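Participant: Sequence first, then the predicted structure, then my questions.
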Amino acid sequence: MWSGRARSSANQARAALPSAKTGRDVSPAAVYIALRRLEDKGLLVSELRTARPEEGGRERRYYRITTEGLARMSEARDALMNLWDGLELRFEEGT
């Protein structure tokens with residue numbers, strides 16, 4: 001969903017969230033707010049597309065992650081994995 005080439009709508013982003021793991025639903029407003037903030041920081045870019053006749057409905061905004069966004073996401077993942085590795089060591093040591 002969030003590759004450099006692929007574009008996803010907010011509805012697709014919301015559907016991909018792990019609500020089954022957390023047991024919580026994510027409100028559409030929360031997704032739009034988060035996407036807008038990420039775009040304001042230059043981590044995402046968006047474009048508004050007109051709906052095709054066969055889709056019907058209204059325009060949709062599609063998002064794509066930027067190079068900076070990928071870098072920041074990688075940094076965040078590395079930090080999380082380092083934290084997790086530290087916790088696993090503590091559990092293995094029994095402390």
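Facilitator: Cool, got the structure. Residues are numbered from 1 along each chain as shown.

Participant: Now do the buried residues in the longest helix along the chain.
Facilitator: The helix that spans the most residues within the chain, counting by DSSP state H, is helix 67-93. Using 16 or more other Cβ atoms under 10 Å as the burial criterion, the residues of helix 67-93 that qualify are 69, 72. Where you see a C-beta, it was placed from the backbone N, CA and C, and this is true even at glycine.

Participant: Just the mean pLDDT for that helix, thanks.
Facilitator: Averaged across helix 67-93, pLDDT comes to 86.

Participant: do the same with stretch 55-63
Facilitator: So the average pLDDT for stretch 55-63 ends up being 83.

Participant: Packing partners of the host helix or strand of residue 64?
Facilitator: Counting by DSSP states H and E, the element that carries residue 64 is strand 60-65. Packed against strand 60-65, as judged by 3 or more Cβ pairs under 8 Å, 6 or more residues apart in numbering; DSSP states H and E, are the following elements: strand 8-9, helix 10-16, strand 44-49.

Participant: can you rerun that using 6 Å?
Facilitator: In this structure, strand 60-65 makes packing contacts with strand 8-9, strand 44-49, judged by 3 or more Cβ pairs under 6 Å, 6 or more residues apart in numbering; DSSP states H and E.

Participant: From residue 45, how far out is residue 68?
Facilitator: Shown here: residue 68 relative to residue 45, a distance of 10 Å by Cβ to Cβ, to the nearest Å.

Participant: list the residues that contact both of the two?
Facilitator: Counting by Cβ atoms under 6 Å, 6 or more residues apart in numbering, residue 68 and residue 45 have no common neighbour.
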